[in-house]
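In: Okay, sequence plus prediction incoming.
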Amino acid sequence: MAQKKTTKTTKEKAAKPAKIKTEAKKAKKALPAGRPAKLIEAVHKKSPRKSESKAAKISKTVKIESDVLDRQAESPVVSAPLAPHRSQAPVKAPDQKEEIAPPSPGAEAKEKAAATAVVETKEPPAPVKRKITLTPRTTVKDLAGLLGVGVPEIIKKLMALGVWATINQKLEPETATLVANEFGFEAEVPQVFEQEEALLRAAPAADPKDLSARAPIVTIMGHVDHGKTTLLDAIRETRVAEQEAGGITQHIGAYKVKTSRGEIVFLDTPGHEAFTAMRARGAKVTDMVVLVVAADDKVMPQTVEAIDHAKAGGVKIVVAINKIDKPEANVNRIKQELANHDLMAEDWGGKTVMVEVSAKKKINLDKLLEMIALEAELMELKADPKRPAVGAVLEARKDSKRGNVASILIQDGTLRIGDPFVCGITWGKVRALIDDRNAKMQQAGPATPALLMGLSDVPQAGDRLIAVDNERKAKEHATTRAAEFQLVHGNKSTKHLMLEDIHEKISQGLMKEFKIILRTDMQGSLEAIVGELSKLHHEEVAIKVLHAGVGPVSLSDVLLAAASEAVILGFHVPMDVRAQEEAQKEKVECRVYSVIYELVGDVRAALEGLLAPIIKENVLGAADVRAAFRVSGVGPVAGCFVTQGKINRGTQARVWRGDAKFLDGKVTSLKRVKEDVTEVTHGYECGIVVSGYNEPRKGDRIECFETVKELKKLTQK
């Protein structure tokens, strides 16, 4: 019976909304549209006893702006536009239709206003980033202190960015800035040459609508005999190779080549090992490197150097496997050797584009240009030709007919005849611009190489060129930069890194990385030494082998060491005569060993000098304060009894009051029976004066100690 009664009650409840709606519908037909008040009145007259509650329910139904939950609680009638609560399924009578009572005037407007109010809810303001200032020598430890986080947290962020660093390793400003941003800080990086940066900041910001695509800047690198210049010559369809002395490029050449896929700027850095430094400068201004390797030869030491330079500059590498027309060509062997240097061909499952070409027979040159153009498109290279020019010096010299000239590459903006400019610590006004075909130009836009005339002096390769408003400003900035350069770099004749100098450089905060150029008599020795060096490990020191190879110490090794502040280590190898002369001239250290463990031992000793020393305190003695008195001309004196060791005049002192440190000072005066003494030993009374100890108190304890620096030792991995 109870179950039947419950079922009946449910059916009655389900029928009520249908009945109410039917009555409302009849009343609506009898009244003009838009009269909900009379609708309620009609229902009231229809059912006088329950009309009030029904009318109230209908009124609440048409008032859409009321709260949803309140409406559901007060009335079983659920309006169609409002979804039922998740826990309450809507109940329908079998004959119930999906109809709702007409909304009251202004209900729709209120509903829209409510919806709009939700949409327009203001988001909480973004947190304001705190600012920190980086220095050119900011280390991992320094950055952790600036950000107020632990060193492991900094190292973890660096690892996420693909950077491996030790606690005292100096960070690149860009890397430190990225890490600071990760912790909610905005990093400011003051530049060494503030005048140069001020000029760049003063230049108008680039307007996005003025940006246009620029030509990619490509550097051709490779071994001297692998056909590098012949390849460029084939692309340009000129006979440059025939005009060069001895078939070897003597200076960096920059050429703009027009192809069916647009313009491409090629930098032809010398492939001969004697010009290693020039090749490195070429890689710094380039977007892409085309590495030329002969299919009938093998990966040569100069090839490895080119790979190292390109990787150091973060430059994309496209490999051109040349001389495939030769009968002895072996493309797969070249790919295998390149894979040993982390250049895996795409058809081998890697990411390095490799194109098989023949510069002599002009085979697949179009395919090579197509791959260069494709890589350039992915880079989305853009520049603003309307801005004042900014460029870089590729090479400079004093010409007997033209005066001071520089081979430059405009990187952004446009340089015109008559423009004043600053170029490193020199300045000038553009007197002439000549292109790679010896034709005069009136202006040079983005990604345009040119020979510049009008310099006050010969600039350095790699110097930045910036166009300014007038000659007076150019001269002022150049003068200021010259002073800054002298302050930072000092005399150019300063000797380079010596093993004995490492500890001093570290104490000055100048380096935390030991750079090595390694030469051995054979590959087995090379692998053994590199393996032993890799076992030397400490969180504060990193060994960086800039270049390792088999064969005599060459001139290029010395030039690379001089430019990178590195030490050359040789094992069972001679030293080239020119390398000896250059090393003596540049004061580059080169040590040759006949025993592997002697070489490793010297590296270990040098690295231990790199480590920040451990500061230890050795307690020399202690004394209890038993009385306090004041002596004329001396001040407050602590009457003490020496309980441990001895007290020495002039040593560091620490005063303890109870279990807490009271102060640190120095024993400035020591008396024994009114006589000045230098020390008092255990078991004797004495008077002690400690700097800053103005209120001696009975019960205090004075300790004398000395600080000792101990070098940290390297561990084996």
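Out: Structure received. Residues are numbered from 1 along each chain as shown.

In: and residue 391, what helix or strand is that in?
Out: Element membership of residue 391 [criterion: DSSP states H and E] is strand 390-399.

In: Run me through the strand neighbours of that strand, direction for each.
Out: strand 403-412 (antiparallel), strand 464-467 (antiparallel) (DSSP bridges).

In: Now render those strands as JSON lines, adding distance to residue 354 and mean pLDDT.
Out: C-beta: built from backbone N, CA, C; applies to glycine. JSON lines is the format used below for the strands paired with strand 390-399 (distance: least, Cβ to Cβ, whole Å; pLDDT from 0 to 100):
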{"stretch": "strand 403-412", "distance to residue 354": "27", "mean pLDDT": "90"}
{"stretch": "strand 464-467", "distance to residue 354": "34", "mean pLDDT": "89"}
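
In: re the thing from before, what mean pLDDT does the strand holding residue 391 get?
Out: In this model, strand 390-399 carries a mean pLDDT of 84.

In: burial count for residue 333?
Out: 14 (other Cβ atoms under 10 Å).

In: Now do the SS call for it.
Out: Secondary structure of residue 333, reduced to three states by DSSP: H, G, I helix; E, B strand; the rest coil: helix.

In: now the strands for the stretch 101-250 of the chain?
Out: All strands of the stretch 101-250 of the chain, identified by DSSP state E, counting those that start in this stretch, fall at 130-133, 185-188, 212-213, 217-222.

In: Spatially, which residue comes closest to residue 216, not counting chain neighbours?
Out: Using Cβ to Cβ, 6 or more residues apart in numbering and skipping the chain neighbours, the partner closest in space to residue 216 is residue 376 (3.7 Å).

In: Tell me who's in contact with the one you found.
Out: Residue 376 is in contact with 215, 216, 264, 287, 288, counting by Cβ atoms under 8 Å, 6 or more residues apart in numbering.

In: Can you mark which positions in the host helix or strand of residue 706 are buried?
Out: Using DSSP H and E, the element containing residue 706 is strand 701-710. Buried positions in strand 701-710, judged by neighbour count with 16 or more other Cβ atoms under 10 Å: 701, 702, 703, 704, 705.

In: Just give me the neighbour total for residue 590.
Out: The number of residues near residue 590, taken as other Cβ under 10 Å, comes to 19.

In: buried sites along the longest strand seen in the chain?
Out: Of all segments of type strand in the chain, defined using DSSP state E, the longest is strand 614-631. The neighbour-count check on strand 614-631 (16+ other Cβ under 10 Å) flags 620, 621, 622, 623, 624, 625, 628 as buried.

In: And stretch 329-344, by the same measure?
Out: 329, 334, 335, 337, 338, 343, 344.

In: now swap in stretch 524-537 and tell me
Out: 525, 526, 529, 532, 533, 536.

In: In a markdown table: those, plus secondary structure.
Out: Formatted as a markdown table, those follow (three-state DSSP):
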| residue | secondary structure |
| --- | --- |
| 525 | helix |
| 526 | helix |
| 529 | helix |
| 532 | helix |
| 533 | helix |
| 536 | strand |
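
In: wait, which of those residues is closest to residue 551?
Out: Closest approach to residue 551 among those (Cβ to Cβ): residue 526, at 10.2 Å.

In: which SS class is the closest residue to residue 308 other than its chain neighbours?
Out: Counting by Cβ to Cβ, 6+ apart, residue 308 lies nearest to residue 547, which is 6.2 Å off, once chain neighbours are set aside. Secondary structure state of residue 547, per three-state DSSP, is strand.

In: Just give the number of residues close to residue 547.
Out: The tally of other residues near residue 547 (other Cβ under 10 Å) stands at 22.

In: ditto for the one 3 residues further on
Out: A count of nearby residues for residue 550, using other Cβ under 10 Å, gives 15.

In: residues contacting it?
Out: Contacts of residue 550 (Cβ under 8 Å, 6+ apart): 519, 520, 521, 522, 523, 526.

In: how far away is the fifth one from residue 631?
Out: Think residue 523. Using Cβ to Cβ, to the nearest Å, we find residue 523 at a distance of 77 Å from residue 631.

In: hang on, the earlier thing: show the buried residues in the contacts of residue 376.
Out: Among those, the ones that count as buried by 16+ other Cβ under 10 Å are 215, 216, 264, 287, 288.

In: Great, nothing more from me.
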